[in-house]
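Q: show me how the following folds:
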Amino acid sequence: MREMQLSVGRITVILGVITYIAALYIAYIYLISPAYSYYQLTNLHPSLWVTILSSLLAILPSFWLEYRVQRPSQVIYWTLYLFAYIPVIIIPDFIRVDGLDSFWIFKLVVFAGLMILYFFSKISLIELPNTNFPVAAVNVGIFVGMSLLYAVMIKAYGFHINPVSFKEVYGVREVYRSETGRIAGYAITWLSKIMDMFMITIGIVRGQLLLLFVGIFGQVYVYSVSGHKSVVLSMGLLFVILFCLRKSGRTFGISFVWFMVAFVVLAILVDIFNDNIALTEIFTRRMLLLPGALSSLFFDFFSTHEKTYLGHSILGFFVDYPYKASPSHLIGFTYFGSEEMSANVNMWADAYSAFGYAGIIVFSVLL
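A: Residues are numbered from 1 along each chain as shown. Below you'll find the predicted structure:
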């Protein structure tokens, strides 16, 4: 009976991934590319064989990926698989003249990076000695840390809660970039990607509404200051992940895949009914399709130009950074002609821009 249940679960996952890939193809070909062909999201009509090969490489990990999750690394694996890996494998085919060019090496190295993550998720956990560190001291440390980060933000940007619509964020971003220093930028990154999300998670899991409110309020403040859509979208993703972790994570992979399928398909159907691309543009294009396409542009640029070696980031004190702008702004200006555009991509494309193929492997190991 157990084998039959595993077999049924595996088939459900594989069918979900196939449906997810098909939905992304439909969204790109019929909704996004016609509206954004001027925005590098073209459709050069890749051959059937290229599409089949890419689809098979995208589907392949679903044959062994554990849909029962027992540790946070497995949740990260699933998130990278659906949000980063699959779009990187299938979307660049539409914007590349030769669907079987050297970008396939990039795809295969990314596949190897994903397999490294899978390998580490299977390693037995190391039991750490119980230090009996006071919980109260930990709570005080978190409170002090968050207070300092918010103090840095308030000093740099002032305090105001004025969330704008997604169509009005570009003016907010322009002001944000002009006022942001390195320390303030680090404060926003830590708050929006770690501390606030931690507060939301603990608030939901433990039923502590105050912590939930603090986390959401913090994200709204960061969004009001930075205008980054990812702050709002990542918070929504966190709620989805927590919902799928019900039943102690026994069916997380199945629930997560089919939730993503439902979301992408529902957005397509609503947009077709309303004769626009509003929902598909906000979620599917912004979080899935565009980063996949941008990975191709990062590959093209940093295959023929000097790597960054993280000179714009943590290694800035040790290496000479060869460019005047960050990699994301560099790609935005080179391919889109805008000094204001930040072409944000997944960690593998960012790793390639820093150290080439070796960076993809190293970043996967470090994660």
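Q: S73 versus L80, what's the distance?
A: 10 Å (Cβ to Cβ, to the nearest Å). Placement of C-beta: from N, CA and C, glycine included.
Q: and if you look at S313?
A: Counting by Cβ to Cβ - S313 and S73 are separated by 23 Å.
Q: S121 too?
A: 5 Å.
Q: go on, G16?
A: 21 Å.
Q: okay, those two: which has more neighbours?
A: The neighbour comparison of G16 against S73 (other Cβ atoms under 10 Å) goes to G16, with 23 against 17.
Q: wait, that one touches F259, no?
A: No. The criterion here is Cβ atoms under 8 Å, and G16 misses it with F259 at 9.3 Å.
Q: so what's the residue count around the residue lying closest to P327 once chain neighbours are set aside?
A: Excluding its sequence neighbours, the residue lying closest to P327 (Cβ to Cβ, 6 or more residues apart in numbering) is S353, at 4.8 Å. Number of residues near S353 (other Cβ under 10 Å) recorded here: 27.
Q: shouldn't S353 be in contact with F302?
A: Yes. Between S353 and F302 there is a contact at 4.5 Å, judged by Cβ under 8 Å.
Q: give me the common contacts of these two.
A: 308, 327 (Cβ atoms under 8 Å, 6 or more residues apart in numbering).
Q: how is this structure divided into domains?
A: 2-125+251-274, 135-244, 282-366 (automatic domain parsing).
Q: tell me the mean pLDDT over the helix ranked longest in the chain?
A: Criterion DSSP state H: the longest helix present in the chain is helix 2-26. Regarding helix 2-26, the rounded mean pLDDT is 85.
Q: residues contacting that helix, please?
A: Contacts of helix 2-26 (Cβ under 8 Å, 6+ apart): 51, 55, 58-59, 62-63, 65, 67, 82, 86-87, 90-91, 251, 253-254, 257-258, 260-261, 264-265, 268, 284, 288-289.
Q: buried subset of the residues you listed, written for ChimeraX?
A: With 16 or more other Cβ atoms under 10 Å as the criterion, this ChimeraX line picks the buried residues out of these:
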select :51,55,58,59,62,65,67,82,86,87,90,91,251,253,254,257,258,260,261,264,265,268,284,288,289
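Q: tell me which of the contacts of helix 2-26 fall in helices.
A: The members of the contacts of helix 2-26 that map onto helices under DSSP H are 51, 55, 58-59, 86-87, 90, 253-254, 257-258, 260-261, 264-265, 268.
Q: kindly check the end-to-end length of stretch 314-323 for me.
A: Across stretch 314-323, the terminal residues are separated by 15 Å (Cα to Cα, to the nearest Å).
Q: list the buried ones in that stretch?
A: In stretch 314-323, counting by 16+ other Cβ under 10 Å, buried: Y321.
Q: for stretch 11-31, same thing?
A: Of the residues in stretch 11-31, 12-14, 16-21, 23-28, 31 count as buried by neighbour count, 16+ other Cβ under 10 Å.
Q: what's the most distant pair in the residues you listed?
A: T12 and L31 (27.0 Å; Cβ to Cβ).
Q: where does L242 fall, phi/psi-wise?
A: L242 adopts backbone torsions of phi -60, psi -40, taken as degrees, to the nearest 10.
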